[in-house]
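Colleague: Here is a sequence together with a model predicted from it:
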Amino acid sequence: MKILVCISHVPDTTSKINFTENDTKFDTNGVQFVINPYDEFSLTRAMWFKEKQGAKVTVVNVGTASTEPTLRKALAIGADDAVRVNMEATDGLAVAKQLAEVVKNGGYDLVLAGRESIDYNGGMVPGMLATLVDYNFVNGCVGLEVDEASVTAIREIDGGNEVLSTALPLVVGGQKGIVEEKDLRIPNMRGIMMARKKPLNIVEPVETEPATSIESFEKPAPKGTVKLIDADNIDELIDLLHNEAKVI
């Protein structure tokens, strides 16, 4: 089984976010980038298939040379090789089209991705990718088993989980539950050294027209001051909620 894991290069959630050029560009200075957490869950599941079923695991990223350390980390975790599509990832549809070319050229049976990236939170790429390559698709996946070409997937829905039977080829949008946090892998020194020798192939993008563009960024409004009310003064609390906060 050939598995392709889509990797997004995203800011660590502890990073301080700023913008430049009149709030039209994201300021990367001082920002630590990591593997998108949802993608890391999917990568860890792919490693399970590699160890238990002998699958070959390739990781792919659409991005500039700045994303290569993130791909090398994925190789250190255990992926066999990596592909970087040499294009800045600014539009979900354009990214999906680039990934579709990699899938078609590589003949992958299973494509694993996170349900969304934690930077733009678009949640659109896995579904669009599945449509472009005409693969089956399961999103919000919290459990995945593959027996030859047959697949059992568990998908999170409102109020519970849904068990699905499907078949390869398949695109999966994974999240926590497809593996647990305790199962995530930290690259050891041997893995880091081996990653330096593993292939990282750079391919040029196919021609696409972005469907969207970013006009500007805006930070959320800062939190207001907190007003403390004595627990016995219910009337004052109701008055403030009604007339000042206007929430009731």
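Modeller: In hand now; what should we look at? Numbering: from 1, shown residues only.

Colleague: CA atoms of the longest strand seen in the chain as PDB?
Modeller: Longest strand in the chain, counting residues (DSSP state E): strand 136-147. The C-alpha trace of strand 136-147 is given here as PDB (Å, rounded to 0.1, in the frame of the first residue of the first chain):
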ATOM      1  CA  ASN A 136     -13.600   8.100  -1.800                       C
ATOM      2  CA  PHE A 137     -13.500  10.600   1.000                       C
ATOM      3  CA  VAL A 138     -14.000  10.500   4.800                       C
ATOM      4  CA  ASN A 139     -13.600  13.700   6.800                       C
ATOM      5  CA  GLY A 140     -13.400  14.100  10.600                       C
ATOM      6  CA  CYS A 141     -11.900  10.600  10.800                       C
ATOM      7  CA  VAL A 142     -11.200   9.300  14.400                       C
ATOM      8  CA  GLY A 143     -10.500   5.700  13.500                       C
ATOM      9  CA  LEU A 144      -9.100   3.900  10.400                       C
ATOM     10  CA  GLU A 145      -8.500   0.300   9.600                       C
ATOM     11  CA  VAL A 146      -7.400  -1.100   6.200                       C
ATOM     12  CA  ASP A 147      -7.700  -4.800   5.200                       C
END
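
Colleague: Ile154 against Gly160, yeah?
Modeller: No - using Cβ atoms under 8 Å, Ile154 is not in contact with Gly160; the gap is 10.2 Å. All C-beta spots, glycine's among them, are computed from the backbone N, C-alpha and C.

Colleague: quick revisit: check which helices and strands the longest strand of the chain sits against.
Modeller: Under the contact criterion of 3 or more Cβ pairs under 8 Å, 6 or more residues apart in numbering; DSSP states H and E, strand 136-147 touches helix 37-53, helix 125-133, strand 150-157, strand 160-167, strand 170-174.
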